[in-house]
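S.K.: coordinates for the following, if possible.
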Amino acid sequence: MNFPCTRCGACCRNVHLAVETKMLDRGDGACLHYDDQTKLCTIYDQRPSVCRVDVQFHENYSHRMSWEEFCDLNLTACKELLDKK
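M.R.: This is a model prediction of the structure:
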């Protein structure tokens, strides 16, 4: 199960918008682990479970929807974040 992430960083630059990720806000809405220069996560291999789409699906959504539906919802959110630019 792989989420079709494009690594655009939109979710990492907008952690302030969700209750689940607000604690990662470095003060400007972006994740404190997001590197603006490289556009990458500085702790990717050790990132919290809230940043792991597959883990979130299994822990919180698999009983309510399919993986495909969950991916579609996440991709819609990605598009909305990108459109906010």
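S.K.: with adjacent residues omitted, what lies nearest to the most centrally placed residue in the chain?
M.R.: The residue lying closest to the centre of the chain (CA atoms, centre = their mean) is residue 11, at 4.5 Å. Once flanking residues are discounted, residue 11 sits nearest to residue 81: 6.4 Å by CB to CB, 6 or more residues apart in numbering. No exception for glycine: its C-beta is placed from N, CA and C like everyone else's.
S.K.: that neighbour: neighbour count?
M.R.: Counted with other CB atoms under 10 Å, the neighbours of residue 81 add up to 17.
S.K.: residues contacting it?
M.R.: Going by CB atoms under 8 Å, 6 or more residues apart in numbering, residue 81 touches 10, 11, 13, 14, 17.
S.K.: pick the one among those residues closest to residue 1.
M.R.: Lowest distance from residue 1 to the contacts of residue 81 (CB to CB) belongs to residue 11, with 17.9 Å.
S.K.: ok, the closest one to residue 18 distance?
M.R.: Using CB to CB, to the nearest Å, we find residue 11 at a distance of 9 Å from residue 18.
S.K.: what does residue 25 give?
M.R.: 10 Å.
S.K.: quick one, which of those two is more surrounded?
M.R.: residue 25 (15 against 12).
S.K.: spatially nearest residue to the more buried one, not counting backbone neighbours?
M.R.: residue 16 (4.6 Å).
S.K.: for residue 62, same thing?
M.R.: residue 70 (7.9 Å).
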